[in-house]
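Engineer: With the input below, show me the fold.
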Amino acid sequence: MLTKLSLACMLAGASVLTNAAPLGLPPVPIPENNPQTPEKIHLGDKLFHDTRFSADGKVSCATCHSQDMAFTDNLPVSKGFNDLTGTRNAPTVINSAYMKTLFWDGREPDLEGQSKQPPVNPVEGGLPNHAPLLEVIRKDSEYVSTFKAVFGVGAGDISMDHVAKAIASFERTVIAGDSPFDSYYFGGEKDAMTPAQIRGLELFVGKGRCVSCHRIEQTQALFTDNRFHNIGIGFKTIQGKEQQTAAAFIKSKREGADVDITVLTRKSMSELGRFAVTENVTEVGAFKTPTLRNIEKTAPYMHDGSLETLKDVVNFYDKGGREKDEDPLSGFLSGGIRPLDLRAREKEDLVEFMKALTSPQLDQFTQR
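Structural biologist: Numbers count the residues shown, from 1 in each chain. So this is what the prediction gives:
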């Protein structure tokens, strides 16, 4: 049976059979080796919500990426099977189709690769490998017939590549633009944003310098540069131990440790950020720039969920990469992070502007 979300995705302006997109967003990139079909998207939707793909039968992709919470879980760090917790905040799936890398450290290049990791992470799905997941699918007659229809494979030939392609196809329909900002900036509707939000936009592209990383272009705005920056978050965890922690991580990695498991189970090594992937010392503590679209609905913020509100986020940047004036600065801080000297009303206006990035499509996603 087709779920309401799949149906909404099929009927919405962003067609699942093309790469069209709502106002403010570019065409949805679709891999040549994984074209969109309604049947594949429906299958991916079902797989995304199947809790049987975990050690306790209670955790699915939707556990950490709930449609009712803008495809996050609104927790500082996510809970997996047996309520085990990791080290990272769950980013939203909304508009993840546009991400050039996945995970906070960018360790996967596409949605297909990303979807394979959570089921076998010890603090997420908790499975020892993918075999139990595939066994569930191969013994489910509805899954077997659907995989046959979508991929042309029999039960014994269903693979994780097929599973990953279906989930990724579903995730590529979770697209949201058409925000008040889009109507104002790209649609020419000058009353689409409030005066405070308009002032906030001026600060966003001017004094606040937010647009340096949260990009707005001439015809579209992803509100991310898809790059990695050290803004000072999480620095205290490894302060004074950066080289020691990096060396320990490299040793562990050379001995065969899985990066995905390491960064989600060892807090200090999690704070190495992009370094865990590139081993480039200039990227210690650097994390991917998240999109700001629908940011009002995806609290708490930052890779570790350490900032509770948008006001906290603005204050953090205003202080140049620290929560308190007396806090030390990271020695690996990105060059653009420095005090902004914002006035109280300017901070309020920035927060109001970010609220203008909320899309009406969120209502469709929650009506399952």
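
Engineer: now stretch 115-135: how far from the chain's centre is it?
Structural biologist: Remark: stretch 115-135 is offset 19 Å from the chain centroid, using CA atoms, centre = their mean, to the nearest Å.

Engineer: Residues contacting that stretch, please?
Structural biologist: Outside stretch 115-135, the residues within contact range by CB atoms under 8 Å, 6 or more residues apart in numbering are 52-56, 59, 61, 64, 78, 80-82, 84-86, 108, 158-160, 163-164, 167-168, 171, 260-261, 264-265. No exception for glycine: its C-beta is placed from N, CA and C like everyone else's.

Engineer: which of those residues count as buried?
Structural biologist: Neighbour-count burial (16 or more other CB atoms under 10 Å) applied to the contacts of stretch 115-135 gives 53-55, 59, 61, 64, 78, 80-81, 84, 86, 108, 158, 160, 163-164, 167-168, 171, 260-261, 264-265.

Engineer: Cys213 and Phe71: what is the separation?
Structural biologist: From Cys213 across to Phe71, the span is 22 Å (CB to CB, to the nearest Å).

Engineer: So between these two, which is more surrounded?
Structural biologist: Neighbours of Cys213 and Phe71, each counted by other CB atoms under 10 Å, are more numerous for Phe71; the result is 28 against 20.

Engineer: and the nearest residue to Leu111 once chain neighbours are set aside, helix, strand or coil?
Structural biologist: Nearest residue to Leu111, sequence neighbours excluded (CB to CB, 6 or more residues apart in numbering): Ala168, at 3.7 Å. Three-state secondary structure (criterion: DSSP: H, G, I helix; E, B strand; the rest coil) places Ala168 in helix.

Engineer: got a list of what Tyr185 touches?
Structural biologist: Here Tyr185 is in contact with 24, 201, 216, 221 (criterion: CB under 8 Å, 6+ apart).

Engineer: farthest pair in those residues?
Structural biologist: Gly24 and Leu201 (13.2 Å; CB to CB).

Engineer: Need the overlap of contacts for those two.
Structural biologist: Residues touching both Gly24 and Leu201 (CB under 8 Å, 6+ apart): 181, 185.

Engineer: show me where pLDDT drops low in the stretch 101-250 of the chain?
Structural biologist: For the stretch 101-250 of the chain, no stretch is flagged by pLDDT under 70.

Engineer: could you pull out the strands for it?
Structural biologist: Ranges of strands within the stretch 101-250 of the chain are 228-229, based on DSSP state E, counting those that start in this stretch.

Engineer: Measure how buried the residue lying closest to Asp161 once chain neighbours are set aside is and give me the count.
Structural biologist: Among residues not flanking Asp161 along the chain, Glu112 sits closest, at 7.5 Å (CB to CB, 6+ apart). A count of nearby residues for Glu112, using other CB under 10 Å, gives 22.

Engineer: What of the one 4 residues further on?
Structural biologist: Lys116 has 17 neighbouring residues, counting by other CB under 10 Å.

Engineer: For it, give me phi and psi.
Structural biologist: phi -80, psi -20 (degrees, to the nearest 10).

Engineer: how near is it to Asp105?
Structural biologist: 16 Å.

Engineer: ditto for Arg138
Structural biologist: Taking CB to CB, one finds Arg138 at 33 Å from Asp105.

Engineer: With neighbour numbers in mind, choose between these two.
Structural biologist: Applying other CB under 10 Å to Arg138 and Asp105 shows that Asp105 carries more neighbours, namely 25 against 16.

Engineer: circling back: the residue nearest to Leu111 and Gln36 touch, don't they?
Structural biologist: No. The pair Ala168 / Gln36 is not scored as a contact, 9.9 Å apart, by CB atoms under 8 Å.

Engineer: how's the protein carved up into domains?
Structural biologist: Domain assignment of the chain by automatic domain parsing yields the ranges 4-171, 180-230+289-365, 235-284.

Engineer: for the second one, the distance to its chain's centre please.
Structural biologist: Read that as domain 180-230+289-365. For domain 180-230+289-365, the distance to the chain centre is 16 Å (CA atoms, centre = their mean).

Engineer: Next, the distance between the ends of it.
Structural biologist: 18 Å (CA to CA, to the nearest Å).

Engineer: who's in contact with Phe81?
Structural biologist: Going by CB under 8 Å, 6+ apart, Phe81 touches 54-56, 58-59, 124-126.

Engineer: Just the pLDDT for it.
Structural biologist: pLDDT, Phe81: 93.

Engineer: And it, how close does it get to Arg274?
Structural biologist: 28 Å.

Engineer: Glu348 now?
Structural biologist: With distances taken as CB to CB, Glu348 is found 33 Å from Arg274.

Engineer: next one: Leu75
Structural biologist: Distance from Leu75 to Arg274, by CB to CB: 23 Å.

Engineer: okay, the two: which has more neighbours?
Structural biologist: The residue with more neighbours, out of Leu75 and Arg274, is Arg274; 24 against 15, by other CB under 10 Å.

Engineer: Please name the residues that touch the more buried one.
Structural biologist: 105-106, 228, 280, 283, 286-288.

Engineer: from those, which would you call buried?
Structural biologist: The neighbour count (16+ other CB under 10 Å) marks 105-106, 228, 283, 286-288 as buried among those.
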